[in-house]
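In: Predicted coordinates and the sequence they were generated for:
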Amino acid sequence: MTVLGYLANGLVFSSIIVLGSIGLSLVYSIADFANFAHGDTMTIGAYTALVTFGAVGGLGGAVLGLPYGFFLALVVGIAVAAVVAVGTEKLIYEPLDVDSIGLLITSIGIAFIYRAVIQIRFGSDFTRFGIQSLRPIETLIPYGVRVTLHDVAIVASAVVLVAGLHVLLQYTDLGRKMRAMADNPDLARVSGIRTKRVKLWTWVIGAGLAGAGGVFLGLFNQLSPRMGFNLLLIIFAAVILGGIGSVYGAMAGGFLIGMITQLTPFFSNVVEALPIGQGWLATLLENLITLEYANAIAFVIMVVVLLVRPNGIAGEGAT
């Protein structure tokens, strides 16, 4: 595969990571804790869409190779992920009189519950959407780019969702209130902002984006009860790289981390071409810089950012 091929795959994967990263960062900036159940919220959205699509079918038409029924399933997946997140907030997180560390630990338990319920209902095997696979776009094959219309649909849908979030944050009353709460929740409260309502809307938007990311992850790869959990480290790395609590930083971090993880096979080829011989160092680098170790690479990036620039790309105080 050529560099363009790796970049194209990275763009598709980054679109999924960006949706998950924005949701996590948004919830952190308002709810003030790292939600470890975020990855499993993505799984909830994916499996909800799977059930919905199985019930409604294709509905007679298609856009970018995806049946209309898939987009209906996507909307239902987003809605159910948001409802589950809001229900968890009202029934579990809000009544708890604990600090952010206590909520973080609680979210780990919630993640186990989400995952267990999905596994009990669907089993632990991998599954896929009942959508026919497409051949790569022929005009791009000579350039070493093997993407399908489904991949184009993922990127286009992510762009629409991210653009919609930008409009909401910058040009709506709710967005201004959310930014005010992220900057100074106490000042927002005494200014008359109904912070509880804004917090609930934050859960709706953050979890909805996570649900969308889960649906696209299932389309890009396949579905399993651990699909969101397996992606959580990469999402956290993206959020930390962009700047914890910064929505726009999460966008940048998600894009960069997604690209880096998908470019690891290319980096492996570069290492092979380096004049370092065939010794143990070359073997070590070739084994480490592979797609199987993408999570480890994301973890290394996360640690380095925390050591060198803890505020991330967006810097301190960014929202």
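Out: Perfect, thanks for sending it. Only a predicted model underlies this, so the values are computations on that prediction, with no experimental measurement involved. Residues are numbered from 1 along each chain as shown.
In: The residue nearest to Leu241 when sequence neighbours are not counted sits in which helix or strand?
Out: Nearest non-adjacent residue to Leu241, counting by C-beta to C-beta, 6 or more residues apart in numbering: Gly253, 3.7 Å away. All C-beta spots, glycine's among them, are computed from the backbone N, C-alpha and C. Taking DSSP states H and E as the criterion, Gly253 maps to helix 247-273.
In: cool, Ile78 as well?
Out: helix 68-88.
In: Please name every helix or strand in contact with the helix or strand where Ala46 lies.
Out: For Ala46, the element it lies in under DSSP H and E is helix 38-56. In terms of contacts (3 or more C-beta pairs under 8 Å, 6 or more residues apart in numbering; DSSP states H and E), helix 38-56 is packed against helix 3-31, helix 68-88, helix 100-122, helix 195-220, helix 227-242.
In: Quick check: buried residues in the shortest one?
Out: Residues of helix 227-242 classed as buried by neighbour count (16 or more other C-beta atoms under 10 Å): 227-229, 231-242.
In: Go through these and name the one nearest Gly87.
Out: Gly228 (17.6 Å; C-beta to C-beta).
In: Touching, the closest one and Asp40? I think so.
Out: Yes. Using C-beta atoms under 8 Å, Gly228 is in contact with Asp40, at 4.9 Å.
In: for the record, mean pLDDT for the helix holding Gly253?
Out: Mean pLDDT, helix 247-273: 78.
In: Could you list the buried residues of that helix?
Out: 247-268, 271.
In: Which helix or strand lies directly C-terminal to the lowest-mean-pLDDT helix or strand in the chain?
Out: Between all helices and strands in the chain, the lowest mean by mean pLDDT, DSSP states H and E belongs to helix 280-288, at a mean of 54. Moving toward the C-terminus from helix 280-288, the next helix or strand (DSSP H and E) is helix 294-308.
In: what's that next one packed up against?
Out: helix 227-242, helix 247-273.
In: okay if I get those helices as TSV plus distance to Gly65?
Out: What follows is the helices and strands packed on helix 294-308, written out as TSV (distance: least, C-beta to C-beta, whole Å):
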stretch	distance to Gly65
helix 227-242	22
helix 247-273	21
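In: And those: which comes nearest Val160?
Out: Across the helices and strands packed on helix 294-308, Val160 has its closest neighbour in helix 247-273 (14.0 Å, C-beta to C-beta).
In: about what we covered before: next secondary structure after the helix holding Ala46?
Out: Counting by DSSP H and E, the next helix or strand C-terminal to helix 38-56 is strand 62-63.
In: Need the contact partners of that following strand.
Out: Applying C-beta atoms under 8 Å, 6 or more residues apart in numbering, the external contacts of strand 62-63 come out as Tyr68, Phe71, Ala153.
In: cutoff 7 Å now
Out: Applying C-beta atoms under 7 Å, 6 or more residues apart in numbering, the contact partners of strand 62-63 are Tyr68.
In: Could you tell me the average pLDDT over it, please?
Out: Average pLDDT, strand 62-63: 88.
In: Partner strands of it, with direction?
Out: Applying DSSP bridges to the sheet, strand 62-63 is found paired with strand 66-67 (antiparallel).
In: coming back round to it: quick check: angle from the helix holding Gly253 to helix 227-242?
Out: Put simply, helix 247-273 runs at 100 degrees to helix 227-242, going by axes from the mean of the first three to the mean of the last three C-alpha atoms, to 10 degrees.
In: So which other helices or strands are in contact with helix 247-273?
Out: If contacts are counted by 3 or more C-beta pairs under 7 Å, 6 or more residues apart in numbering; DSSP states H and E, helix 247-273 sits against helix 3-31, helix 227-242, helix 280-288, helix 294-308.
In: OK, contacts around the residue lying closest to Ile44 once chain neighbours are set aside?
Out: Once flanking residues are discounted, Ile44 sits nearest to Ala81: 5.1 Å by C-beta to C-beta, 6+ apart. Shown in contact with Ala81 (C-beta under 7 Å, 6+ apart): Thr41, Ile44, Gly45, Thr48, Ala207, Gly208, Ala210, Gly211.
In: now with 8 Å?
Out: By C-beta under 8 Å, 6+ apart, the contact set of Ala81 is Thr41, Met42, Ile44, Gly45, Thr48, Ala207, Gly208, Ala210, Gly211, Gly214.
In: Count the neighbours of the first one for me.
Out: Applying other C-beta atoms under 10 Å, we find 33 other residues in the vicinity of Thr41.
In: just to revisit the earlier point, mutual contacts of Gly228 and Asp40, please.
Out: Common contact partners of Gly228 and Asp40 (C-beta under 8 Å, 6+ apart): none.
In: Report the contact partners of the residue nearest to Leu241.
Out: Neighbouring residues of Gly253 by C-beta under 8 Å, 6+ apart: Ser21, Ala237, Ala238, Val239, Ile240, Leu241, Gly242, Gly243, Gly312, Ile313.
In: All set now, cheers.
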